[in-house]
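Student: Provide a 3D model corresponding to the input given below.
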Amino acid sequence: MPNGYIGLLAEEARSFTVDGPLKSITFDFLGKEWIVSESVVVQWVVMLVLAIFFFVLGRNLKVVPTTRRQMIAEYIVGTFTGQVDDSMGPRYKAYRPYIGALFCFIFLSCIMGIFGLRNPTSDVSVTGAWAIITFVLVFYTKIKTGGVKGFLKSYVEPAPFMLPFNIIGDFANPVAQALRLFGNNVSGMVIGGLVYFALGGIAGGLASIGIPAVLSLYFDLFSAFIQSYIFVTLTMAYVSMAETD
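Tutor: Down below sits the predicted model:
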């Protein structure tokens, strides 16, 4: 292999990096500099897209659906209604909108890389924020179903020596949730980047584009769906198992 080609590969290798969220907007307000990260900006884009999408689906609904748009809307609502009822029970029907919105938000966030934007799920502070919401809902459910007495009693069941383990378990669940979603998305991004880099160095033509494209379909679509489903399923399981009555 010519020395010049080796030098070219080495130069390309040094240029492949995995950076964290970038600075997107910097502005002065009340005499202080404020920075909005790329992860926040992309999440604004996700919320805008979802708002427009569901606004269009929810317009001019009829008792008997006559349009494909309303059929799609009813299918989405029915899917999440059945999922929550099967996993948590009808008494948790108030969680249907939240679970549906959470799934759609995570899924669309995971596939933003297809559109040239950085996935918010590759920022652990984003996945951590979603996990903290689950953490708060678990505590809320414990107090709501068993009162303060039942809440405190849940930490010494089935025996008093379980107190430290129960506390660790409550804090470990959101950490595991956040790191699982973050790790899977970052690993997919790194693997896709490495494959694209490797094929760009040793191959040409369609091979250096087609194979990364196929991997992107897996990591950006299939994996996004699976990870979103796992996250909301764990949320439903943690909340429903937190009952103390």
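
Student: Run through the strands of the chain in chain order.
Tutor: Assigned by DSSP state E, the strands in the chain fall at 23-29, 32-37.

Student: would you turn the ones you listed into CSV with distance to Ala176?
Tutor: (C-beta placed from N, C-alpha, C; glycine too.) Shown next, in CSV, are the strands of the chain (distance: least, CB to CB, whole Å):
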stretch, distance to Ala176
strand 23-29, 29
strand 32-37, 24
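
Student: Check those for me: which has the lowest mean pLDDT.
Tutor: Sorting the strands of the chain by mean pLDDT places strand 23-29 lowest, at a mean of 71.

Student: what comes into contact with that strand?
Tutor: Strand 23-29 is contacted from outside by 33-38, 40-41, using CB atoms under 8 Å, 6 or more residues apart in numbering.

Student: Stretch 145-164 too?
Tutor: For stretch 145-164, contacts defined as CB under 8 Å, 6+ apart pick out 139, 142-143, 166-167, 242-245.

Student: In this protein, where is pLDDT below threshold?
Tutor: 1-24, 189, 192-193, 195-219, 245 (pLDDT under 70).

Student: buried subset of the contacts of strand 23-29?
Tutor: By neighbour count, with 16 or more other CB atoms under 10 Å, the contacts of strand 23-29 hold 37-38, 40-41 as buried.

Student: got these as a markdown table, with distance to Phe171 columns?
Tutor: What follows is the buried ones among the contacts of strand 23-29, written out as a markdown table (distance: CB to CB, whole Å):
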| residue | distance to Phe171 |
| --- | --- |
| Ser37 | 26 |
| Glu38 | 29 |
| Val40 | 26 |
| Val41 | 30 |
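
Student: Can you give the distance of the longest helix along the chain from its chain's centre?
Tutor: Assignment by DSSP state H gives helix 163-202 as the longest helix of the chain. Relative to the mean C-alpha coordinate of its chain, helix 163-202 is positioned 11 Å out (CA atoms, centre = their mean, to the nearest Å).
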